[in-house]
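Novice: Could you work out the structure for the sequence below:
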Amino acid sequence: MKKPVFIYNNPNAACVFCCRTHNPHPDYKHEPIVTTRMAADDSEHEVCINCYCDIIETSERTNKDLPLILRERVNLSRLLNKASLPKCRP
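Specialist: A predicted model of the protein is given here:
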């Protein structure tokens, strides 16, 4: 997988997994989250830097490819949506 390009100061930034829109760091709460785009199954997903690091750690710990882990998380999000379970809390 190629090196990610992180996007800063995007006012429309939102993580597909944790649904954050603002930086969780207390000193930067007024700023949007830092995101990157990850590809899986011919589509791109916007992922925050925290979820990206979590995916990297999971990949290293389980020896699974990044696209496989991303695909599993996207599928889990779809299942939660179909079951009408909120994946994100407002």
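Novice: Secondary structure element holding the residue positioned nearest the centre of the chain?
Specialist: The C-alpha lying nearest the average C-alpha coordinate of the chain belongs to Val47 (Cα atoms, centre = their mean; 2.7 Å). In this assignment (DSSP states H and E), Val47 forms part of strand 43-48.
Novice: How about Glu57?
Specialist: Counting by DSSP H and E, Glu57 is part of helix 49-62.
Novice: Can you give me the buried ones in that helix?
Specialist: 49-52, 54-55, 59 (16 or more other Cβ atoms under 10 Å). For the C-beta atoms, the positions are set from N, CA and C on the backbone; glycine is no exception.
Novice: Tell me the one of those residues nearest Leu66?
Specialist: Nearest to Leu66 among the buried residues of helix 49-62: Ser59, at 5.2 Å, using Cβ to Cβ.
Novice: That closest one reaches Ile69, doesn't it?
Specialist: Yes: between Ser59 and Ile69 there is a contact at 5.6 Å, judged by Cβ atoms under 8 Å.
Novice: what mean pLDDT does the strand holding Val47 have?
Specialist: Mean per-residue pLDDT for strand 43-48: 92.
Novice: what's the angle between it and helix 49-62?
Specialist: 110 degrees (axes from the mean of the first three to the mean of the last three Cα atoms, to 10 degrees).
Novice: Check what contacts strand 43-48 and list those residues.
Specialist: Strand 43-48 has contacts (Cβ atoms under 8 Å, 6 or more residues apart in numbering) with 13-18, 20, 33-39, 55, 70, 74.
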